[in-house]
Every structure is written in structure tokens, then in C-alpha cells.
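A.B. asks: can you look at this prediction? I've put the sequence above it.
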Amino acid sequence: MEKKYRNALIAGNWKMNKLASEVPGFWAELEPKAALAAGVQSALCVPFPLIPAMKAALAGSQVKVGAQDVSAHDKGAYTGEVSAAMLADLGVDYCIIGHSERRAYHAESDELVNAKLKALLGAGITPIMCCGESLEQRDAGVTLTFVESQIKGGLKDITPEQMKKVVIAYEPIWAIGTGRTATAEQAQEVCGHIRKVLAGLYGEELAKGVQVLYGGSMNGKNAAELLAQPDIDGGLIGGASLKMEFADIIGAANEG
Ligand code: PGA
């Protein structure tokens with residue numbers, strides 16, 4: 001019942017894969033299989049140099065283009081950085097921030113994720129803010145408190161009006177790229193907790209409207225069960241988004 005309140009979002013995260021020259025062929029094959037039912041949204045988050053090709057390929061499609069990172073700075077002497085305004089100028093609709101790979105390999109803190117989130121909102125781009133625990137944290141029984149701290153840190157000073165434009169993705173690190181998906185119960189437990197944390201920060205009504213995604217080895221086979229959970233509103237899909245299997249996940253959302 002509550003779930004119908006929210007659209008499903010199936011977002012692909014291509015990570016550092018494929019070339020711009022591969023985009024038209026990929027989309028030509030995917031498009032006939034990737035029609036979106038009412039209440040289902042989709043996006044492909046691609047490396048910066050692939051954005052113009054993806055924008056061109058998806059012209060006229062309901063599937064949106066996303067990026068995978070953004071600078072926290074507006075402009076200036078930040079060699080190698082890409083600003084939110086630059087992404088908006090290319091017509092980017094979504095941007096992943098705080099992915100565990102960026103937290104691990106680029107030392108991104110909740111504070112930096114918070115600054116990036118504000119930069120995106122300022123440019124009218126929907127942030128997909130990631131959170132998730134390591135296997136050590138899960139085994140130590142601190143999953144919920146850790147994820148809660150990431151949510152609160154990432155959303156610091158975000159107003160209720162701004163929060164309505166934020167998507168959260170729960171991605172347990174031990175499930176990313178490992179083929180070891182969280183069980184539907186494990187994923188639901190944390191996504192449900194995230195919604196409770198949001199309700200504490202912004203009230204029940206607002207929390208009910210926030211899209212909370214699950215990510216981590218989601219594929220064509222397990223998507224339906226994960227998407228059937230009451231607090232899982234979609235998926236952030238890595239490996240399977242590089243293949244036609246992405247259409248199977250959209251299909252599972254279409255039927256949900
Ligand atoms: P995966 O990646 O689907 O390949 O596990 C998910 C992600 O890291 O966003």
C-alpha cells in the first residue's frame with residue numbers, strides 16, 4: 001500500500017566500463033526490451049566521457065542519464081574535477097554520490113558526500129546517495145548504527161524540501177560485485193531502518209515518499225524478490241547493467 005506511494009527506480013551503474021563508441025549499439029539492443037511501465041523509472045549512470053553519447057542514444061526515451069560522481073566545488077582551480085553545473089549542462093538527471101568504491105579508494109567522507117549532495121541539488125540533479133556496511137561491520141552487529149551514521153552525515157543540513165529530491169541506495173559492501181546478494185530479509189531490514197531514520201529526521205509523511213534502492217549483485221533472477229520488499233523501491237545495478245540482463249530487472253519492476 002505504502003509502496004504504491006513511490007515510483008520504482010532501476011538505475012544502472014556502469015562504473016569504469018565500456019566506451020562511448022559502444023553506447024549506440026548497447027542501447028539499440030536494450031531499447032526494445034526496456035519499456036517502462038507506469039510508476040517505473042530508470043537511469044544509466046555512466047562515466048563522464050560517455051555522457052554525451054548516452055544522452056544522444058536516450059533522446060526520446062524515458063530512461064534518464066546519470067553520472068557517478070561530482071565535485072563538491074562550484075568552479076575554479078580543481079584540476080580533474082567535474083562540477084554539478086557541467087553535468088546539468090549536459091542534461092544529466094541523476095548522479096551517484098558516496099559509492100563505497102569512492103569512499104574506499106578516494107577517501108570520501110560523509111562530510112564530502114554531504115557537500116556533493118548540496119552541489120547536485122543546487123544544479124537540479126537528483127543525487128543517489130549510497131550507504132552500506134562492510135562484512136566486518138555486519139559481523140560485529142553494527143550495520144544499522146553505521147548506516148544510520150552515514151545517512152545522518154550525508155544529509156546534514158538538508159531541508160525537507162531538498163530531501164524530497166534525494167534518492168538513497170543501500171549497498172552492503174560485501175554484496176557488491178561478489179555475486180553474494182543480501183537476502184531479501186537482510187536488505188529489507190536495513191532499507192526499513194533507513195526509512196525510520198528518515199522519518200525521525202523529516203517526519204513519517206516525507207519519509208514515505210523517499211525512494212530507497214538496494215544495490216549489490218542484483219540481477220535478473222533475484223530482482224523480483226528484492227523489489228517485492230516493502231521498503232525497497234528499486235535497485236542500483238552494477239554488473240548486470242552492462243548486459244541485456246538490465247532489461248530483466250526493469251521487467252521485474254514493471255511487474256511489481
Ligand atoms: P553490482 O554493483 O551490482 O555489480 O554488485 C552494484 C554497485 O556497486 O552499485
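C.D. replies: Structure received. Because the structure is predicted, anything quoted here is derived from the model rather than measured.
A.B. asks: return the residues of this structure in contact with the ligand.
C.D. replies: 13, 171, 176-177, 215-218, 236-240 (CB under 6 Å from any ligand atom). The C-beta positions use only the backbone N, C-alpha and C, and glycine is treated the same way.
A.B. asks: and which of these is nearest to Gly209?
C.D. replies: Gly209 has its nearest neighbour among the residues of the chain next to the ligand in Leu236, at 18.7 Å by CB to CB.
A.B. asks: ok, Val190 - contacts?
C.D. replies: Gly132, Thr143, Leu144, Val147, Tyr170, Pro172, Ala182 (CB atoms under 8 Å, 6 or more residues apart in numbering).
A.B. asks: can you name the element that comes right after the helix or strand it falls within?
C.D. replies: For Val190, the enclosing helix or strand under DSSP states H and E is helix 184-202. Per DSSP H and E, helix 184-202 leads on to helix 204-209 as the next helix or strand towards the C-terminus.
A.B. asks: which secondary structure elements does that following helix contact?
C.D. replies: helix 184-202 (3 or more CB pairs under 8 Å, 6 or more residues apart in numbering; DSSP states H and E).
A.B. asks: buried stuff in the helix it packs on?
C.D. replies: 184, 186-195, 197-198, 202 (16 or more other CB atoms under 10 Å).
A.B. asks: please apply the same query to stretch 154-165.
C.D. replies: Buried residues in stretch 154-165 (16+ other CB under 10 Å): Gly154, Leu155, Ile158, Met163.
A.B. asks: kindly report the same for stretch 108-118.
C.D. replies: Glu108, Asp110, Leu112, Val113, Asn114, Ala115, Lys116, Leu117, Lys118.
A.B. asks: so what's the third one up against?
C.D. replies: When contacts are counted by CB under 8 Å, 6+ apart, Leu112 is found next to Ala72.
A.B. asks: check the fourth one too.
C.D. replies: With contact set as CB under 8 Å, 6+ apart, Val113 has these partners: Ile97, Gly98, Met129, Gln150, Gly153, Gly154.
A.B. asks: so which of the residues you listed sit within helices?
C.D. replies: Among the contacts of Val113, the members found in helices (DSSP state H) are Gln150, Gly153, Gly154.
A.B. asks: fine by me, thanks again.
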